[in-house]
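Trainee: Show me the folded form of this:
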Amino acid sequence: MRKNILATGAALLALGLVYGASYPDSLLRSLPIAGLNMILGLITKASPGVETHPESANIRLLVDKGVVRASIYQVVFLDSRLILKRLSSINVTVILAFLLAFVGLEILAFVGALMGGITGFSLQEFLTQRRRNKIREENELTAIGRGDVKIEYDELVEVKLVKSRLYLMTESISLAVNFPRGYARKIEPTLAGIFKSKFETEESVRAVEAAEKENEKRQHPRGDRGKLSRR
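Mentor: Predicted coordinates:
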């Protein structure tokens, strides 16, 4: 059961009732949409979140959701490589929601557009969870399929975790993976153990910058800098 989708369905139901008080005909159109969202919430399993000790000797960290541009991936950290298993493409994350919002706009004006867009989000959550289940059931977490991304750790020159975004940089590409709020704190210790000296966080970068500024002040005291500038 996915509580956020259920809450969305309840909110749409309340919105439909309020809107239907002024426009009774719209109530018959809005109730099925709210009901669909509530059904999706009931049949969609809760996502596993962050698994630091998955049921596999080869997997060191498993993150249920990482967003790269407009695509959603399941992120698998192995001993020597990183795999991003694609769960949903731009067709589901953006285009589906846009189309449903457009259909809703034609049926119930602004309220319909809002309902359609929210329903697109609920469908996205349902479809991505189905894809997660299929990947796990078929033992495909470590396999490379269509749309997946693989990065060898030896190719990485820098790995940086800034707020909820993980930057993966090689000599040829730079990839940014956005995680849900709260994930960064959970994955940081494991990432530090995996990538060691290649790994940086926002705090470590600030510490290095502060140390460099302090060294610069010691090497060039304020009086010396003033003398140099007058020359």
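Trainee: The longest strand along the chain packs against which elements?
Mentor: Ranked by residue count and defined by DSSP state E, the top strand of the chain is strand 59-68. In terms of contacts (3 or more C-beta pairs under 8 Å, 6 or more residues apart in numbering; DSSP states H and E), strand 59-68 is packed against strand 50-51, strand 71-78, strand 81-88, strand 174-178, helix 183-195. The C-beta positions use only the backbone N, C-alpha and C, and glycine is treated the same way.
Trainee: Dump these into TSV; add distance to Tyr167 as well.
Mentor: Supplementary listing: those in TSV, determined by distance: least, C-beta to C-beta, whole Å:
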stretch	distance to Tyr167
strand 50-51	18
strand 71-78	13
strand 81-88	13
strand 174-178	5
helix 183-195	12
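Trainee: Would you mind putting these into a markdown table with mean pLDDT, distance to Tyr153 and mean neighbour count alongside?
Mentor: Written out in a markdown table, the entries for the helices and strands packed on strand 59-68 read as follows (pLDDT from 0 to 100; distance: least, C-beta to C-beta, whole Å; neighbours: other C-beta atoms under 10 Å):
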| stretch | mean pLDDT | distance to Tyr153 | mean neighbour count |
| --- | --- | --- | --- |
| strand 50-51 | 92 | 19 | 18 |
| strand 71-78 | 96 | 9 | 22 |
| strand 81-88 | 95 | 6 | 21 |
| strand 174-178 | 95 | 14 | 15 |
| helix 183-195 | 95 | 7 | 16 |
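Trainee: quick one: which of the ones you listed is nearest Ser26?
Mentor: With C-beta to C-beta as the criterion, Ser26 lies closest to strand 81-88 of those, at 30.7 Å.
Trainee: Parallel or antiparallel, list what pairs with the closest one.
Mentor: Strands that pair with strand 81-88, judged by DSSP bridges, come out as strand 71-78 (antiparallel), strand 149-152 (antiparallel).
Trainee: where does this protein have low pLDDT?
Mentor: 55-57, 204-231 (pLDDT under 70).
Trainee: for it, what's the longest helix?
Mentor: Of all segments of type helix in the chain, defined using DSSP state H, the longest is helix 97-137.
Trainee: Distance from that one to the middle of the chain?
Mentor: Taking the mean of its C-alpha atoms, helix 97-137 sits 17 Å from the chain's own mean (C-alpha atoms, centre = their mean, to the nearest Å).
Trainee: just use 24 as the starting number from now, easier for me
Mentor: I'll keep to 24 as the first residue from here, and by that count the last item is helix 120-160.
Trainee: so what does it touch, helix or strand wise?
Mentor: Contacts of helix 120-160 with other secondary structure elements, assessed using 3+ C-beta pairs under 8 Å, 6+ apart, are made with helix 26-45, helix 47-66, strand 94-101, strand 104-111.
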